[in-house]
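Engineer: Sequence first, predicted coordinates after that:
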Amino acid sequence: MGTYKRKNIQKHGILFLILSFLLAISYLLTKQRVASFVSEKPVITGLIIFTFLTSLFFVVSIAIRYKRLLSELKHTELLASDVREEKYTFANDINTKTPVIDSINRAIINVAESKKNQLSQLCQRTEQLNEMNTELNDAYMQLESSYGQLEAVMDQLNESEKRYHSLVVNIPDIVLSLDSSGNITYANRACREILKFRRHDIVGKPFQYIIHPSANEKFDLVNLKQNIEKNGNHHIHIPLCKKDGSLILTEIKFTEAIESPEMNFIQAIIRDVTEQKRIEKVMVETNARLKIINSLNHKLASTTEQSDIYRLCVNSITKEMGFLGCMYLGADKNDRHYKIMDHSGEYFRQPGKLEQFYNIRCSSTLFTGKNSEGIVLERDMLFQYFSLSEANPNQEAGFSKAFIQELRSYGEMDGMLIVLSKSSFIQEEIDALRSIGHSTAVAVEKTTHLIESKNNFVKTIDALVAAIEARDQYTRGHSQRVSALAVKIAYRFGMSKQQVEELRIAGILHDIGKVGISDSILLKKGSLTNDEYEEIKKHPGISNKILHSIGLSERILKAVAFHHEHFDGGGYPFGLTNESLGYEPQIIAVADAFDAMTSLRPYKKPMSWQMAVYELERCKGSQFHPDIVDVMVKMLMEENPI
């Protein structure tokens, strides 16, 4: 705009000089010739005067216009200055009389408006950027906080991984990892302890390598993977082969390996259940024998004919227990030889075998001392003791062992049971045979021998409980002591003989369900974990399952199943209260608690009987029945006078 201003000034200056020159000429003419010229040429003189006046007018007009132009230019300069300083405070009337300046002003305003809009947009953008920066700062703070949390989680994960690794290494069960092809990739320490394989012996080999050859067809890797994918795990029972070739029975749980969510690896947890299966087999066999005994007793109780009693006895032993032969011999007081009351079995179907036993003398001294409960003889010893002769020495004997039991009535021997077997007798079979023999003798007499039969029945149970308690030296004899205490309490309550007898049996059997509890829990030194305690709490239910099919009375089953229930309902497994329990289970509960407190256990020292009495009194009315505790305490005070 400065260049434009200078050009206009130059233009107006030139015009002004021309006009001044004209005025000077006019002035000279006027001064020298005014008089003559005016007089001679008045028209020209008038024209000159007009020209002068006109020039004067133009000069004044130009001066005024120049002044206005300068004012407008100054206003335009102020406007430009405001724009440079970003004031944007324009006057309402920006129009000028000079078109060029008006165009310049409008151009300046347009530029200012554009700049103002740009500045406004820039401010908005800056505000948005500030907001974004704030959000980024917040996100950064959150990220920093999340990173700290992530570090804490990673520390926890590392600690969990260490604990998991320690658990895998020290767990008593075998832990293996298998790849997708079924090859072993890892084996923990228990593999060496149980299977005797070192890790390098089996790593890289297929899982079938440790399966016993008799069960290889039971392992199907494809089916295993499908079950894991569908159900998350897969259970099998399969025999494995130790390094020396011997067989162990196992229970295996296959799951997806934790470190391999894509199922590239499979984890196998293998538990040695050989001993458990052996005990289960013994339990099943014992249960079957108890069923036979119980069934026989029921039949004998409803039988009045002696011939039927003899027949039931020998048939139970041969047809149900599977022995080669059985013979029931009887004799009256004055008889010199035993008579064969009944016989059964494959052995006696051979010609001449039965006749061998016709002349057994009643005066035999075979049964003396401990032999009165029955003895097991070799085949040759049997013939020697009874002075028997073989009908056909060249014929195959058919049996190798014989069990012989004397049968007494009123203290006098009046019968004998002979059982023949192809193989050796086990103790549980002997106990069962004794029970059958006594039961039969009781059935024959109908009175005094009933008690003897029950005692032998209990002896069979005692043997079973003793076999179970043999697992733990600390609880050996516990069931018998609980039974004895329960009987004493029952007598003090004035219960009937039948109730007392049932309590005696319940006391012996109350912990039989612990056969289903792992040794690692039962024999643990120290406090149990919550999971281990929950496992222990299952033993009353296991007891009930074991005993339910034997045919024991409802009172016995109830006493065994509910002996851990509390008077106020705070016990297990069902939380029953006094109104639902009755006396039998609560008597067992008090006797069991007292013996447990006063006995040595791997996790505690025994209490004195005085401290045990204090605990009974403290829990009276909550855990224990008050009346039973009072009777128990009174009985202990009488037996242990201060």
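Structural biologist: Here it is on my side, so go on.

Engineer: What is the three-state secondary structure of the residue nearest in space to the middle of the chain?
Structural biologist: Residue closest to the mean C-alpha point of the chain, counted by CA atoms, centre = their mean, is Asp531 at 8.2 Å. The three-state assignment at Asp531 reads helix, by DSSP: H, G, I helix; E, B strand; the rest coil.

Engineer: how does this structure divide into domains?
Structural biologist: Domain assignment for the chain by automatic domain parsing gives 1-152, 171-272, 274-470, 473-642.

Engineer: got CSV for the ones you listed, with mean pLDDT too?
Structural biologist: Converted to CSV, these look like this (pLDDT from 0 to 100):
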stretch, mean pLDDT
domain 1-152, 69
domain 171-272, 86
domain 274-470, 79
domain 473-642, 86
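
Engineer: Do a quick rundown of the helices in the stretch 251-400 of the chain.
Structural biologist: Using DSSP state H, counting those that start in this stretch, the helices of the stretch 251-400 of the chain run over residues 274-301, 306-315, 379-385.

Engineer: Check the stretch 51-200 of the chain too.
Structural biologist: Assigned by DSSP H, counting those that start in this stretch, the stretch 51-200 of the chain shows helices spanning 99-170, 189-195, 199-202.

Engineer: ranking these by burial, who's on top?
Structural biologist: By mean neighbour count, with neighbours taken as mean count of other CB atoms under 10 Å, helix 189-195 ranks first of those at a mean of 18. To be clear about C-beta, it is placed using only N, CA and C from the backbone, and glycine gets the same treatment.

Engineer: Pull the residues that contact it.
Structural biologist: Helix 189-195 is contacted by residues 169-176, 197-199, 202, 210, 240-243, 248, 270, 272 when judged by CB atoms under 8 Å, 6 or more residues apart in numbering.

Engineer: what secondary structure does Pro239 sit in?
Structural biologist: The assignment at Pro239 comes out as strand when based on three-state DSSP.

Engineer: What sits closest to it if chain neighbours are left out?
Structural biologist: Leaving aside its chain neighbours, Pro239 sits nearest to His212 (4.2 Å; criterion: CB to CB, 6 or more residues apart in numbering).

Engineer: ok, that neighbour - how many residues close by?
Structural biologist: A count of nearby residues for His212, using other CB atoms under 10 Å, gives 18.

Engineer: that older thread, need the helices of the stretch 51-200 of the chain in JSON lines (columns: distance to Phe57).
Structural biologist: Putting those into JSON lines (distance: least, CB to CB, whole Å) gives the following:
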{"stretch": "helix 99-170", "distance to Phe57": "23"}
{"stretch": "helix 189-195", "distance to Phe57": "126"}
{"stretch": "helix 199-202", "distance to Phe57": "125"}
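
Engineer: Quick check: which of those is nearest to Ser549?
Structural biologist: Closest approach to Ser549 among the helices of the stretch 51-200 of the chain (CB to CB): helix 189-195, 33.1 Å.

Engineer: now the end-to-end length of stretch 253-268.
Structural biologist: End-to-end distance of stretch 253-268 (CA to CA, to the nearest Å): 6 Å.

Engineer: Equivalent analysis for stretch 196-203, please.
Structural biologist: Distance across stretch 196-203, first residue to last, is 14 Å (CA to CA).

Engineer: How far off centre is it?
Structural biologist: Distance of stretch 196-203 from its chain centroid, counting by CA atoms, centre = their mean, to the nearest Å, is 29 Å.

Engineer: So which residues of this protein form strands?
Structural biologist: Assigned by DSSP state E, the strands in the chain fall at 174-179, 184-187, 233-241, 247-256, 265-272, 325-330, 339-344, 375-378, 401-409, 412-421.

Engineer: Buried deepest among these, which one?
Structural biologist: Among the strands of the chain, the stretch with the highest mean neighbour count (mean count of other CB under 10 Å) is strand 325-330, at a mean of 25.

Engineer: what's that one in contact with?
Structural biologist: Contacts with strand 325-330, where a contact means CB under 8 Å, 6+ apart, come from 310, 313-314, 317-318, 338-348, 353, 357, 360, 398-399, 407, 414-420, 440.

Engineer: that older thread, which residues does the residue nearest to the centre of the chain contact?
Structural biologist: By CB under 8 Å, 6+ apart, the contact set of Asp531 is empty.

Engineer: 10 Å instead?
Structural biologist: By CB atoms under 10 Å, 6 or more residues apart in numbering, the contact set of Asp531 is Ile521.

Engineer: hang on, the earlier thing: will you turn the strands of the chain into TSV that also has distance to Asn287?
Structural biologist: Below are those laid out as TSV (distance: least, CB to CB, whole Å):
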stretch	distance to Asn287
strand 174-179	30
strand 184-187	37
strand 233-241	20
strand 247-256	19
strand 265-272	23
strand 325-330	21
strand 339-344	23
strand 375-378	23
strand 401-409	21
strand 412-421	20
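
Engineer: Looking at those, which is nearest to Gln118?
Structural biologist: Among those, the nearest to Gln118 by CB to CB is strand 247-256 (63.2 Å).

Engineer: Adjacent strands (with direction) for that closest one?
Structural biologist: In the sheet, strand 247-256 lines up against strand 233-241 (antiparallel), strand 265-272 (antiparallel) (DSSP bridges).

Engineer: got the angle between the longest one and strand 174-179?
Structural biologist: Meaning strand 233-241. Taking axes from the mean of the first three to the mean of the last three CA atoms, to 10 degrees, one finds strand 233-241 and strand 174-179 inclined to each other by 110 degrees.

Engineer: send the alpha carbons of strand 233-241 over as CSV?
Structural biologist: The C-alpha trace of strand 233-241 is given here as CSV (Å, rounded to 0.1, in the frame of the first residue of the first chain):
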residue,chain,number,x,y,z
ASN,A,233,-10.6,-85.8,30.4
HIS,A,234,-10.6,-89.5,30.0
HIS,A,235,-10.4,-92.3,32.6
ILE,A,236,-9.2,-95.8,32.2
HIS,A,237,-8.3,-98.7,34.4
ILE,A,238,-5.4,-100.6,32.9
PRO,A,239,-2.6,-102.8,34.1
LEU,A,240,0.9,-101.4,33.6
CYS,A,241,4.2,-103.3,33.5
